[in-house]
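Engineer: Predicted model and sequence below, questions to follow.
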Amino acid sequence: MSFFKKIFSSEKKETLDKGLEKSKSTFFDKLSKAVAGKSKVDDDVLDNLEEILVSSDVGVNTTLKIIDRIEARVEQDKYLGTTELNKILREEIAGLLSETNSGEETEYTIPANKKPYVLMVVGVNGVGKTTTIGKLAYQFKKNGFKVVLGAADTFRAAAIDQLQVWADRVDVPIVKQDMGSDPASVAFDALQSGVSQNADVIIIDTAGRLHNKVNLMNELTKVKRVMQKVIGDAPHDVLLVLDGSTGQNAFEQAKQFTAATEVTSLAVTKLDGTAKGGVVIGISDQFKIPVKYIGVGEGIEDLQVFNKYEFVDSFFK
């Protein structure tokens, strides 16, 4: 496939290669054992491959799709060798990712006709949501955009404080109220402030878990409705942050939040510390929601715009 000949920016690519190293080495160790002593792709090899993909947190349904595609390739070429399995896997996984992700993006950009561009960030506590917001603010500012943050996760004092730390670190304005304030009110103020400051990007943090008396779906719907009083088509993107290191747990989180609100993009964090990088493939396929960002390290530069070509190239390098 010709797109694997793309030339990637070396520094970013090195970080991605390093970030996916645990996932890649674990996967290929298992794959090597599965094909040991085999010269062609047979039923045993496919059964072993299915087990490897599932154990790599690709997910059962996505794994079955991949196996079906490889079986079709084997049917076409009865003498398909195990030495070609790596290349075939690479092509079929890239094909799956192509169905959801455009894959061409490499930089932090916003639509030219959306100013200010309103990004609402959702996700459970502990997935790296606030850190992701801080890194996004840094990257957008680095690319010349004026950014305003809104601390609408008012159910945890720590969330407001943590976002303030990031606002100070990146040197961007933040709109906040006291803990326990109405989240929709904070979002409203943040959008008004962003408009008055001629901001390019407004990033709104939201609660990952609410008190029992408040329904998460209703709260997120209210936040969106109130924002639309300031900017009629806000939010322009609802970004769900998932912790890639939790594997199948990330699938459950995605199920909960896609049921609670209309999620339009995904950020998968903490891929550098885990062998569960396959979760990116499964979540992208199962939820038909594009992965926009991936976290491959703790550094402020280590939140990357997801590019399917780069990801597959690093995973199968």
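Structural biologist: Done, it's in.

Engineer: now for the helix or strand hosting Glu92, which elements pack on it?
Structural biologist: Assessed by DSSP states H and E, Glu92 sits inside helix 85-98. Here helix 85-98 touches helix 21-35, helix 43-55, helix 60-76, helix 279-287, helix 308-315, going by 3 or more C-beta pairs under 8 Å, 6 or more residues apart in numbering; DSSP states H and E. The way it works is simple: take the backbone N, C-alpha and C, and place the C-beta from them, glycine included.

Engineer: Swap in 7 Å and give it another go.
Structural biologist: Helix 85-98 is packed against helix 60-76, helix 279-287, helix 308-315, with contacts defined by 3 or more C-beta pairs under 7 Å, 6 or more residues apart in numbering; DSSP states H and E.

Engineer: Might you report the residue contacts of Ile133?
Structural biologist: Val121, Leu149, Leu163, Trp166, Ile203, Asp205 (C-beta atoms under 7 Å, 6 or more residues apart in numbering).

Engineer: returning to what we had before: got the contact list for the helix holding Glu92?
Structural biologist: Residues outside helix 85-98 that contact it (C-beta under 7 Å, 6+ apart): 1, 35, 41, 62, 65-66, 69-70, 73, 103, 281, 284-285, 308, 312, 316.

Engineer: Give the closest residue to the residue nearest the centre of the chain in space, chain neighbours not counted.
Structural biologist: With distances taken as C-alpha atoms, centre = their mean, the residue of the chain nearest its centroid is Ala267 (2.2 Å). Distances taken as C-beta to C-beta, 6 or more residues apart in numbering put Tyr293 closest to Ala267, at 4.1 Å, once the chain neighbours are dropped.

Engineer: pretty sure the one you found is in a helix, no?
Structural biologist: No - looking at Tyr293 with DSSP: H, G, I helix; E, B strand; the rest coil, it is strand, so not inside a helix.

Engineer: does it have beta-bridge partners, and which?
Structural biologist: Under the criterion DSSP bridges, Tyr293 forms beta bridges with Ala267, Val305.

Engineer: wait, what's in contact with it?
Structural biologist: Contacts of Tyr293 were listed using C-beta under 7 Å, 6+ apart, and they are Ala267, Leu303, Gln304, Val305, Phe306.
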